[in-house]
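Asker: Predicted structure and sequence below. I'll ask about it afterward.
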Amino acid sequence: MREVSVKVNGRVRKRMIKDNELLLDFLRERLEVRSVKAACWRGECGLCTVLLDGHLVKSCLVLAVEADGREVKTVEGITVDGELTPIQKAFVTHGAAQCGFCTPAWVLATHELLKANPHPTDADLVEATAGLVCRCGTYNQIREAVAEVSEGSKPHRQPKESLVRA
Amino acid sequence: MSFGSPYTTLPDFEYHKPANLEEVLALLKQYGDEAKLMGGGVGLIAFMKERLMSPAHVIDVKEVGELRQVSRVPGRGLSIGAAVTLSELLEGGVLKKDYAVLHEALARVADPMIRRRATLAGNLCEAIPWVDSPPALIALDATVEIAGPDGRRNVPVGSFIRGPVDIDLGPSEIVTAVAIPEAKGTDSAFEKFTGGSEFSLASVAVVVAGGGKSTGAKVVYGAVNSTPIRSAEVEEAIKNGITPGSVRKAADIASERVECVDDVLATAAYRKHLLKVITTKVLRRLMSK
């Protein structure tokens, strides 16, 4: 066991951990940050995605000890003063969550995409979220949500045929 | 506290984070084959979950300064430190102009979050038949730079990969860098077919003399057999130029002559079909360059 100190969503958290512990387990089990989902455990579904020092990573492929002295942000950490971010509001407006299990990861990834690239194309969105899966298939709604934020407050309209093509 | 079912936890190990290469070598000397090196950890953590590897010691080298360098020496080429991530190589654009084949191969590895962690040296050392960097590196004549208790040595990528998950690296050795010779003036390209999975079912890396010339072509296929295969016959087919006729001929030869295997991902017959498709695609792209 060793003590690590990780800044999680702005708060420094110290815990005793084992060397073989995953960052995913550290966040979910030791800190009870349950927006980080455990699903495939092998880096395929992306639902355990978090920001580690500002970069999106899959926390099932990161050791907890690697995060010692670093900063982790999850979806809880992107709101400002409890106010939903534009992409979170757009997810609600467009019904971009069905069962909601993958939603935290998608919100985090699209939030980061829009921060780096305020007007992403469909191809940019597909590339940026290539590591994420939504088994309910809300991809079109997520795309509409991203498009709405990209275009400002104007609701997004797309020709029908582009909605059926991924 | 419950940490989930089998395949979600890692075997017990002691974690080490050496500050420099000297410390890495000392740890390797001390623990030998009880230790595994970790770069991005993408492969190692997956292997440990499956219990394909259960090292007693994990040596994390991702912040070792000597392994974090990318340097370009005119006339000698490019040296990529073992702890440099795929994202760093892609975002820096250092490969784009002269090493397009490698840039294209790395740009399509897994997804951006994995590429943020994965390293080129790690991708190479996995030596899983369907990883994408080896064919591109072989086509570029790259060598692997290795440090160990007996000093340093260099090995061409083609002989570094001895078989599936089998590399020419001793238990106390470490890959320090991948070196790629100057490739100014060449044209190159990479193609793969994944069929929607994240693994290549067939891939091809091509480097030609450039400026419309196709002399000295190197054509290397990946993911169709246990190790990458360079095809002298396909190279021969395009040596007088990449034309619609020679592309057709090269694609037929690739499909007929390059040896393919059946495995869990695809049948040999399907791979042979894919060889024709990707050979045509990659050469057509070079033809229009």
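Answerer: Great, that's in hand.

Asker: Contacts only, for the residue of chain B found nearest chain A.
Answerer: Nearest residue of chain B to chain A (CB to the nearest CB) works out as residue B:111 at 3.1 Å. Every C-beta, even on glycine, is put in place using the N, C-alpha and C of the backbone. Residue B:111 makes contact with A:46, A:130, A:131, A:132, B:198 under the criterion CB atoms under 8 Å, 6 or more residues apart in numbering or on different chains.

Asker: Report how many residues lie close to the second one.
Answerer: In other words, residue A:130. Neighbourhood size, residue A:130 [other CB atoms under 10 Å in any protein chain shown]: 17.

Asker: Okay, it and residue A:119: tell me how far apart.
Answerer: 19 Å (CB to CB, to the nearest Å).

Asker: Figure out the helix or strand that the closest residue to chain B within chain A lives in.
Answerer: Closest to chain B within chain A is residue A:131: 3.1 Å, counting by CB to the nearest CB. If you go by DSSP states H and E, residue A:131 is not part of any helix or strand.

Asker: mind checking pLDDT for it?
Answerer: Model confidence at residue A:131, given as pLDDT, is 95.

Asker: Run through the residues that contact the spatially closest residue to residue B:269 that is not a sequence neighbour.
Answerer: The spatially closest residue to residue B:269, leaving aside those adjacent along the chain, is residue B:260, at 7.9 Å (CB to CB, 6 or more residues apart in numbering or on different chains). By CB under 8 Å, 6+ apart, the contact list for residue B:260 reads B:202, B:224, B:225, B:268, B:269, B:271, B:272, B:275.

Asker: ok, now which ones touch the second one?
Answerer: Contact analysis of residue B:224 by CB under 8 Å, 6+ apart lists B:201, B:202, B:258, B:259, B:260, B:261, B:271, B:274, B:275.

Asker: Could I get the buried residue list for the longest helix seen in chain A?
Answerer: Taking DSSP state H as the criterion, chain A has its longest helix at helix A:103-116. Neighbour counts over helix A:103-116 (16 or more other CB atoms under 10 Å in any protein chain shown) mark A:103, A:104, A:105, A:106, A:107, A:108, A:109, A:110, A:111, A:112, A:113, A:114 as buried.

Asker: Over to stretch A:12-19?
Answerer: Neighbour-count burial for stretch A:12-19 flags A:13, A:17, A:18, A:19 (criterion: 16+ other CB under 10 Å).

Asker: any idea what sits nearest the second one, other than its immediate chain neighbours?
Answerer: Ranked by CB to CB, 6+ apart and with sequence neighbours excluded, the top spatial neighbour of residue A:17 is residue A:64, at 5.1 Å.

Asker: Please enumerate the helices of chain A.
Answerer: Remark: helices of chain A, listed N- to C-terminal, are A:23-25, A:86-93, A:103-116, A:122-128, A:139-150, A:160-164; assignment by DSSP H.

Asker: swap in the stretch 151-289 of chain B?
Answerer: B:157-160, B:232-237, B:244-257, B:268-287 (DSSP state H, counting those that start in this stretch).

Asker: Can you add mean pLDDT, mean neighbour count and distance to residue A:68 and give those helices back as a markdown table?
Answerer: Compiled in a markdown table, the helices of the stretch 151-289 of chain B are given as follows (pLDDT from 0 to 100; neighbours: other CB atoms under 10 Å in any protein chain shown; distance: least, CB to CB, whole Å):
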| stretch | mean pLDDT | mean neighbour count | distance to residue A:68 |
| --- | --- | --- | --- |
| helix B:157-160 | 97 | 20 | 33 |
| helix B:232-237 | 97 | 19 | 50 |
| helix B:244-257 | 97 | 18 | 50 |
| helix B:268-287 | 97 | 20 | 44 |
